[in-house]
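Asker: for reference, the sequence and a predicted model appear below.
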Amino acid sequence: MERWRKPVIPAAVEPDNSSTMEVGVRRGGVNWTLEEEDFQRVKEGRVCLKCMEPQEVPFPKVCSLPGCGYPIKAQQLIDLGEQYKGDKWLGSRLNLDEELNRLDEKHYHDNYWTREHHIIIPRSVKK
Ligand SMILES: [Zn+2]
């Protein structure tokens with residue numbers, strides 16, 4: 001398969017209200033989260049923003065997928081500017097603060113507390 005034909009597979013598709021660095025693009029009530037490489041292909045006009053069909057020639061007048069008809073050359077960068085919602089952190093359902101708190105608690109628990117007779121006591125108390 002030629003490189004340009006490589007299909008775009010979103011890293012995540014979520015309802016629009018809502019995490020590697022990823023890129024969110026809003027599409028008809030959903031956020032598509034693309035790998036950095038695929039986002040580059042969209043920016044370079046090598047993938048249709050509307051249907052994510054790979055394009056043989058960058059920035060064609062219209063998308064090559066029959067029935068799509070998206071005017072890539074005229075619209076893609078304009079729409080991308082409006083729809084781009086920034087980088088996202090993928091990997092945890094918790095937000096970053098919650099994740100840091102959770103790791104802090106785990107670190108604290110693992111390192112300073114020990115379980116004995118179902119009572120948790122600080123290690124510093126134990127001989
Ligand atoms: Zn298209």
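Answerer: Alright, I've got the coordinates. Bear in mind that the values here come from a model prediction, so they are computed numbers and not experimental data.
Asker: dump the strand or helix carrying residue 73 to PDB, restricted to CA.
Answerer: Assigned by DSSP states H and E, residue 73 belongs to helix 72-83. Provided in PDB are the C-alpha atoms of helix 72-83 (Å, rounded to 0.1, in the frame of the first residue of the first chain):
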ATOM      1  CA  ILE A  72     -10.300  20.700   0.600                       C
ATOM      2  CA  LYS A  73      -8.300  23.400  -1.200                       C
ATOM      3  CA  ALA A  74     -10.700  26.200  -0.300                       C
ATOM      4  CA  GLN A  75     -12.000  25.100   3.100                       C
ATOM      5  CA  GLN A  76      -9.700  22.700   4.900                       C
ATOM      6  CA  LEU A  77      -7.300  25.100   6.700                       C
ATOM      7  CA  ILE A  78     -10.100  27.500   7.500                       C
ATOM      8  CA  ASP A  79     -12.300  24.800   9.000                       C
ATOM      9  CA  LEU A  80      -9.400  23.200  10.700                       C
ATOM     10  CA  GLY A  81      -8.600  26.600  12.400                       C
ATOM     11  CA  GLU A  82     -12.200  26.800  13.700                       C
ATOM     12  CA  GLN A  83     -12.400  23.100  14.700                       C
END
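Asker: walk me through the domains of the protein.
Answerer: 3-91, 93-127 (automatic domain parsing).
Asker: quickly, which of the ones you listed bottoms out on average pLDDT?
Answerer: Of all those, mean pLDDT reaches its minimum on domain 93-127 (a mean of 62).
Asker: quick one: stretch 2-12 near the ion?
Answerer: No - on the criterion C-beta under 5 Å from the ion, stretch 2-12 is out of touch with the ion, staying 10.9 Å away. (Each C-beta comes from the backbone N, C-alpha and C, glycine too.)
Asker: any chance you could list what contacts the helix holding residue 73?
Answerer: The contact list for helix 72-83 (C-beta atoms under 8 Å, 6 or more residues apart in numbering) reads 25-27, 42-43, 45, 48-49, 55, 59-63, 70.
Asker: partner strands of the helix or strand harbouring residue 33, with direction?
Answerer: Applying DSSP H and E as the criterion places residue 33 in strand 30-34. Paired with strand 30-34 in the same sheet, following DSSP bridges, are strand 12-15 (antiparallel), strand 21-27 (antiparallel).
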